[in-house]
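Q: Build me a model from this:
(4 chains)
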Number of protein chains: 4
Amino acid sequence: MLNRIGISLDEELLKQFDALIAQRGYSNRSEAVRDMIREELIKKEWSDTDSEKTQVGVAIMVYDHDAHDLSHKLTHLQHDSHDLIISTTHVHMDESNCLEVLLLRGKAKEIASLGNAITSTNGVKMGKLVPATTGERL
Amino acid sequence: MLNRIGISLDEELLKQFDALIAQRGYSNRSEAVRDMIREELIKKEWSDTDSEKTQVGVAIMVYDHDAHDLSHKLTHLQHDSHDLIISTTHVHMDESNCLEVLLLRGKAKEIASLGNAITSTNGVKMGKLVPATTGERL
Amino acid sequence: MLNRIGISLDEELLKQFDALIAQRGYSNRSEAVRDMIREELIKKEWSDTDSEKTQVGVAIMVYDHDAHDLSHKLTHLQHDSHDLIISTTHVHMDESNCLEVLLLRGKAKEIASLGNAITSTNGVKMGKLVPATTGERL
Amino acid sequence: MLNRIGISLDEELLKQFDALIAQRGYSNRSEAVRDMIREELIKKEWSDTDSEKTQVGVAIMVYDHDAHDLSHKLTHLQHDSHDLIISTTHVHMDESNCLEVLLLRGKAKEIASLGNAITSTNGVKMGKLVPATTGERL
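A: Numbers count the residues shown, from 1 in each chain, chains lettered A, B, ... in the order given. Below is the predicted model of the structure:
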């Protein structure tokens, strides 16, 4: 069910808001406000690391597949947490560098723990866990 | 002049928004939305490092005043940029640690440059430059 | 070629550093320090939005495929920038919600512009562009 | 007591690290590495919101003193938490806008709660709580 709420703000602030969202490609204010709200909600959800709720995350890593027997180690790591991993995409960036992206679903704690394990692996040049959302109730 | 705009959003998203802002102490939605908008505008303003507009920033540093002749060095640094510094507050945290907070006004580039100089000084344990705003037009 | 540099730090700070990286799963200090350095370098690379260098980014979006003819719109958007998109992974989260992750390669400005277009599309619940790296020289 | 640890890294990564810290004004690598370590430690300390340890924070606010009887309200708010506030600095930015900076010491939870109360007050244009540190053991 769609609700409509009224927001009051100074003319000058409104003008600046309109300029900002136009620049970001929004065609209406409601979507821009909803996006800001959702972003805050996702941040809040993930700040509760003990939550039992199902979360979604995206792990991004860049590594040199030749170094340290890395492909092998990372494959191992992933199999140990295979129930968390929805899918993996792998891109050969150049002769040595790989970009690998894992879509993850599970408890915040478990997702974070896999993220840490990947990032701290010797030879992983960049490792980042990005909090996402199931989209439910948003 | 006060304007009133209508924002449409799903009942479920609205319910979660209301819960979030209640927890953060807001007594009405307008103020919460205005705060999100202002935050985006301040971020945007500061992302333009070449701007000639007057900005406001807060530099925070924690240091051991005994180490490396630090008090002396930091005083020097501040005098070199005295036209940027509105005021300085100093707190003696314990026998050795100091907290010092500088309120700064000037071009983004100049403020950032002073922030870098402070942070990189040997013995400064924490140095952080926080973008703020003059409040004009917000 | 591998270099070895010496870093001096207080015993107490070292103790805390060791505890921190143990908790994050690092087996040696060098890798932890290298990761912190790389993170700063990636941040710096992306802060130069006018750079002509090839960058890598990951766009993450969660949306309701039923809403607003979204699947159709997003497919259009992606085809308009097909030369930026290395690959797309799509997950059906539940009956209505989708998670879609795009691996992107191009100039920072172009990647950011596609990220904005996705995020601002009506009905995209979460849209985020994550700066990554080609891994070159890191 | 000063310790010295060895860090090994690729020549290319070292070259880029040196360029980065030169640009930020560091005169030696040790201080740059120590700063990165301390930043991580401060982040970690503050992520434990239930900690009973004494923390330090800086609250920054920009507001229009004419609006909503704000000066009065904010003074009240501060007196209610007077035991948390080490000192307050106030700057008259222009005819209507004020910058006020509070140095805070207390438990993370208490500091955060005061930060929320300030930010959510009607008429506060910018409210931000910045985690700092006592400097102990860093």
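
Q: Packing partners of the helix or strand of chain A with the lowest mean pLDDT?
A: When each helix and strand of chain A is scored by mean pLDDT, DSSP states H and E, helix A:70-80 comes last, with a mean of 89. Taking 3 or more Cβ pairs under 8 Å, 6 or more residues apart in numbering or on different chains; DSSP states H and E as contact, the helices and strands that helix A:70-80 lies on are strand A:54-64, strand A:97-107, helix A:108-119. For glycine as for every other residue, the C-beta is placed from the backbone atoms N, C-alpha and C.

Q: closest one to chain C among those?
A: strand A:97-107 (3.4 Å; Cβ to the nearest Cβ).

Q: got the angle between the closest one and strand C:54-64?
A: 20 degrees (axes from the mean of the first three to the mean of the last three Cα atoms, to 10 degrees).

Q: Restricting to C-alpha, output strand A:97-107 in PDB.
A: In PDB, the C-alpha atoms belonging to strand A:97-107 read as follows (Å, rounded to 0.1, in the frame of the first residue of the first chain):
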ATOM      1  CA  ASN A  97      45.300 -10.400 -12.100                       C
ATOM      2  CA  CYS A  98      41.900 -11.800 -11.400                       C
ATOM      3  CA  LEU A  99      38.700 -10.100 -10.200                       C
ATOM      4  CA  GLU A 100      36.400 -12.400  -8.400                       C
ATOM      5  CA  VAL A 101      33.000 -11.500  -6.900                       C
ATOM      6  CA  LEU A 102      31.100 -13.700  -4.500                       C
ATOM      7  CA  LEU A 103      27.400 -13.200  -3.800                       C
ATOM      8  CA  LEU A 104      26.700 -14.300  -0.200                       C
ATOM      9  CA  ARG A 105      23.700 -15.000   1.900                       C
ATOM     10  CA  GLY A 106      23.700 -15.900   5.600                       C
ATOM     11  CA  LYS A 107      24.000 -14.400   9.100                       C
END
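
Q: How about it and chain C, any contact?
A: Yes: shown here: strand A:97-107 in contact with chain C (Cβ under 8 Å from any Cβ of the partner chain) through A:N97, A:C98, A:L99, A:V101, A:L103.

Q: does any part of that strand sit near chain D?
A: No: shown here: strand A:97-107 not in contact with chain D (Cβ under 8 Å from any Cβ), separated by at least 13.0 Å.

Q: partners of that strand, with directions?
A: Paired with strand A:97-107 in the same sheet, following DSSP bridges, are strand A:54-64 (antiparallel), strand A:85-92 (antiparallel).

Q: If you average the pLDDT over that strand, what comes out?
A: Taken as a whole, strand A:97-107 carries a mean pLDDT of 95.

Q: orientation of it relative to helix A:108-119 in degrees?
A: Using the same axes, to 10 degrees: strand A:97-107 against helix A:108-119 is 160 degrees.

Q: Check the offset of strand A:97-107 from the chain's centre.
A: 10 Å (Cα atoms, centre = their mean, to the nearest Å).

Q: top helix in chain A by residue count?
A: For chain A, the helix that runs over the most residues, judged by DSSP state H, is helix A:29-47.

Q: before we move on, back to that, quick check, nearest of the residues of strand A:97-107 next to chain C to chain B?
A: A:L103 (23.8 Å).

Q: residues touching the closest one, list them.
A: Going by Cβ atoms under 8 Å, 6 or more residues apart in numbering or on different chains, A:L103 touches A:V56, A:V58, A:I85, A:I86, A:S87, A:T88, C:T89, C:V91, C:L99, C:V101.

Q: The fifth one is in contact with C:V91, isn't it?
A: Yes: when contacts are counted by Cβ atoms under 8 Å, A:S87 is listed as touching C:V91 (6.6 Å).
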